[in-house]
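>>> just coords:
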């Protein structure tokens with residue numbers, strides 16, 4: 001039931017038709033976020049693999065990026081845009097929170113998304129298709145595990161009734177943390193050559209930097225911070241894969 005809640009929360013696929021999930025389970029959706037990465041990363045990688053068979057790789061990468069956007073409803077991208085607007089335009093904790101809650105996108109949010117997707121497209125088109133597919137499957141799950149640690153590291157910055165999702169996520173127990181770690185690491189261990197495993201360090205370092213920023217300026221996290229942290233961790237993973245690939249090539 002907790003996994004189903006996570007699939008319902010993090011995707012726009014009709015998993016809600018399977019069963020009526022009680023609201024209490026949505027407090028645990030982050031526990032299964034890396035498992036959701038198997039699905040979203042698989043759809044993205046599968047789209048790239050199939051479309052690259054009959055379309056130029058540049059277009060295939062665009063199709064793959066669009067596929068995940070459709071599956072997730074741009075949930076994480078909305079978080080990244082709000083994060084850029086809040087931390088870019090906010091001069092105080094209250095101002096940052098106010099800007100991030102505003103549903104309108106600002107200049108920092110637009111620029112953040114443009115730079116993010118421009119760089120992502122360039123990185124993925126540089127890789128071979130098989131490596132790009134393996135990196136996507138690995139990076140999605142592993143980066144979601146890294147980003148999920150935000151709930152174990154920082155307190156929630158708002159009151160529960162003020163949150164967009166109307167829920168505050170519970171922290172992970174040790175056994176849940178181990179399960180999430182295995183879900184995040186397994187695709188990488190199975191699909192990538194050992195030489196590329198070093199890329200796993202990059203999302204961890206990105207996570208530490210972002211946590212330091214949030215602790216200093218926000219004294220906590222929000223749902224938007226979760227989405228932004230995932231995308232930036234994932235970007236650092238692909239960037240490192242690209243650096244290793246170009247040096248090996």
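Nice, I can see it. Keep in mind the model is a prediction, meaning the values are calculated, not measured. Numbering: from 1, shown residues only.

>>> just the helices from the chain, written as ranges.
2-10, 33-51, 57-72, 75-89, 93-101, 107-126, 129-148, 150-153, 174-191, 201-217, 223-248 (DSSP state H).

>>> and residue 1, what does it touch?
19, 21-22, 25 (Cβ atoms under 8 Å, 6 or more residues apart in numbering). All C-beta spots, glycine's among them, are computed from the backbone N, C-alpha and C.

>>> tell me which of the helices of the chain sits most buried.
Of all the helices of the chain, helix 129-148 carries the top mean neighbour count, a mean of 26, counting by mean count of other Cβ atoms under 10 Å.

>>> which helices and strands does that one pack with?
Judged by 3 or more Cβ pairs under 8 Å, 6 or more residues apart in numbering; DSSP states H and E, the packing partners of helix 129-148 are helix 33-51, helix 57-72, helix 107-126, helix 174-191, helix 201-217, helix 223-248.

>>> any idea how far the longest one is from the chain center?
Right, helix 223-248. What separates the centre of helix 223-248 from the centre of its chain is 9 Å, taken as Cα atoms, centre = their mean, to the nearest Å.

>>> that one versus helix 57-72: what angle between them?
160 degrees (axes from the mean of the first three to the mean of the last three Cα atoms, to 10 degrees).

>>> how about residue 145: what's its closest non-neighbour residue?
Counting by Cβ to Cβ, 6 or more residues apart in numbering, residue 145 lies nearest to residue 184, which is 2.7 Å off, once chain neighbours are set aside.

>>> doesn't residue 149 make contact with that neighbour?
No - Residue 184 lies out of contact with residue 149 (Cβ atoms under 8 Å); the separation is 10.1 Å.

>>> in contact with residue 84, which residues are there?
By Cβ under 8 Å, 6+ apart, the contact list for residue 84 reads 108-109, 111-113, 228.

>>> can I get these in CSV including pLDDT and distance to residue 192?
Putting these into CSV (pLDDT from 0 to 100; distance: Cβ to Cβ, whole Å) gives the following:
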residue, pLDDT, distance to residue 192
108, 91, 34
109, 92, 32
111, 94, 32
112, 93, 28
113, 94, 27
228, 95, 25
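
>>> how about the residues you listed in a markdown table, adding distance to residue 238?
Listed next are these as a markdown table, based on distance: Cβ to Cβ, whole Å:
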| residue | distance to residue 238 |
| --- | --- |
| 108 | 22 |
| 109 | 21 |
| 111 | 20 |
| 112 | 17 |
| 113 | 16 |
| 228 | 16 |
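
>>> how close does the nearest residue to residue 59 once chain neighbours are set aside get to residue 139?
Once flanking residues are discounted, residue 59 sits nearest to residue 51: 7.1 Å by Cβ to Cβ, 6+ apart. According to Cβ to Cβ, to the nearest Å, residue 51 and residue 139 sit 19 Å apart.

>>> and the residue nearest to residue 145, how far from residue 196?
Distance, residue 184 to residue 196, by Cβ to Cβ: 15 Å.

>>> next: residue 91.
Distance from residue 91 to residue 196, by Cβ to Cβ: 41 Å.

>>> so those two - more neighbours on which side?
Neighbour comparison, residue 91 and residue 196: the larger count goes to residue 196, with 20 against 8 (by other Cβ atoms under 10 Å).
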